[in-house]
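Engineer: Here is my input; please provide its structure:
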Amino acid sequence: MPTSLPADPRQLSIHDYTYQLPPERIAPEPLPQRDQSRLLVYRQGVIQDQTFQGLPAELPTDALLVFNDTKVVRARLFCHKPTGGLIELFCLEPVAPHRAIEPAMQQTGECVWKCLVGNGKRWKSGPVTLEFTAQGHAATLTAERQETADGYSLIRFRWEPAALPFAEVLRGAGHLPLPPYLNREDTDVDAIRYQTVYAAQEGAVAAPTAGLHFSNQVLADLAQRGIQSVRVTLHVGAGTFQPVKADRMDGHAMHGEPISISAAVLRQLLAHAPRPIVAVGTTSLRSLESLYWLGVQAAQGQLTGDIVPHVGQWQPYEPGSKLATAASLQALLDFMLEQQLDTLHATTQLLIAPGYRFRVIQGLITNFHQPESTLLLLVAALVGPGWRQVYEHALANGYRFLSYGDSSLLLP
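Structural biologist: Just a heads-up that it's a prediction; the model follows:
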């Protein structure tokens, strides 16, 4: 453990953010009931054990909860060569004719996606196919590899009936992309439980797992207590599982992910200040903090109507704006109004690590993350050295870890 933090998170060593995670502590399956998972409450350095059903009573009564309403798509496709060999295609992000998730999911006839290819060395040339059922009718998907670079391939998909949107192709032909550490195939249970009950916007290839604990009953209890909520969208990418291989963080390239937020939500965030805002999951947190940095760009006249706004990995750590949070969010809202945008679509590579100063959120609901991961860096940035106390307590008291594991409420 470092004796002191470097002034710049780029100098951090990921090896200082690790712990021993026994394999048997990784939850292989969800519990029978979502809200029966355990909840570790960390409030100003004090830890309490709860169940997730008790979350509403643990939150500040004037808190605003922010949910990520992304929906996991069935992004794994098992195709066959003419000889019968199996080729796995893991759809990561659309390339053509649309790069944005929403129109790409509604594309008909054919499209190109960036994919990971399993058994790729056995796929020399020619198309691979997959027969499936969509909307009660027989359908066929054909995939051809166009080019390969940096471990990824561009795959051109064509399908019949051509009138089917690609979203229906994935629903009929695909499998849920469970986290690789679960090391098993998806089941009918996963089809329900690897989605949040409020999932709405298709496009993620991994679940925003903090939200998996919320049941309709917990949501009703929150409403009854008068705890308000809003929804943003960040489509979680496969990069969320990308290990940090560099010795120092300046050698790690953070994955980018698309985010969407409505003008109405921005107004709610502005109206709620200075009362606490609690993010449900690291993806909601990254979305909210990214809004601040987009607002800085708007205030500095860096946003234009013809380029998709983007938050860079190191933007918060460069010498720059000391803009107040409300002023930043208002500048972003003003930009949306000038551009006549009901919804802002942007991308973020924001890396939150110790040394980061939070502008928007005051608390976080999150699961327990892998050692030496960027998600653990985010937790350490929020609670400081107390992250070790949280994880040591969870390990010593039988908490279940990772995507299907238990939860924590961090109120530093």
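Engineer: Secondary structure element holding Val296?
Structural biologist: helix 282-299 (DSSP states H and E).
Engineer: Next secondary structure after that helix?
Structural biologist: Counting by DSSP H and E, what follows helix 282-299 is strand 310-311.
Engineer: That following strand pairs with which strands, parallel or anti?
Structural biologist: strand 343-348 (parallel) (DSSP bridges).
Engineer: Off-centre distance for the partner strand?
Structural biologist: 14 Å (Cα atoms, centre = their mean, to the nearest Å).
Engineer: quick one: buried residues of that strand?
Structural biologist: Neighbour counts over strand 343-348 (16 or more other Cβ atoms under 10 Å) mark Leu344, Ala346, Thr347, Thr348 as buried. C-betas here are computed from N, CA, C, even on glycine.
Engineer: do stretch 10-17 as well
Structural biologist: Here stretch 10-17 shows Arg10, Leu12, Ile14, Tyr17 as buried, counting by 16+ other Cβ under 10 Å.
Engineer: for stretch 232-247, same thing?
Structural biologist: Val232, Thr233, Leu234, His235, Val236, Gly237, Ala238, Gly239, Thr240, Phe241, Val244.
Engineer: Please report the distance of the third one from Pro276.
Structural biologist: Spelled out, that is Leu234. Counting by Cβ to Cβ, to the nearest Å, the separation of Leu234 from Pro276 is 21 Å.
Engineer: ok, back up a step: report the mean confidence score over the helix holding Val296.
Structural biologist: For helix 282-299, mean pLDDT is 97.
Engineer: start at 732 instead
Structural biologist: Renumbered: residue one is now 732, and that last one reads helix 1013-1030.
Engineer: Tell me how far it lies from the chain's centre.
Structural biologist: The answer for helix 1013-1030 is 14 Å, by Cα atoms, centre = their mean.
Engineer: Same question for stretch 805-814.
Structural biologist: With Cα atoms, centre = their mean, you get 26 Å for stretch 805-814.
Engineer: ok, now which ones touch Arg774?
Structural biologist: Leu1140, Leu1142 (Cβ atoms under 8 Å, 6 or more residues apart in numbering).
Engineer: Where do the helices of the chain begin and end?
Structural biologist: 786-789, 832-836, 897-904, 919-924, 947-955, 994-1003, 1013-1030, 1056-1069, 1105-1114, 1117-1127 (DSSP state H).
Engineer: Out of those, the one nearest Val1091 is which?
Structural biologist: Val1091 sits nearest to helix 1013-1030 of all the helices of the chain, at 4.3 Å, using Cβ to Cβ.
Engineer: Using the record's assignment, carve the chain into domains.
Structural biologist: Following the assignment in automatic domain parsing, the chain carries domains at 740-802+924-1142, 806-906.
Engineer: Quick check: which of those domains is nearest to Leu913?
Structural biologist: Closest among the domains of the chain, using Cβ to Cβ: domain 740-802+924-1142, at 6.2 Å.
Engineer: start to end distance for that closest one?
Structural biologist: Terminal residues of domain 740-802+924-1142 are spaced 22 Å apart (Cα to Cα, to the nearest Å).
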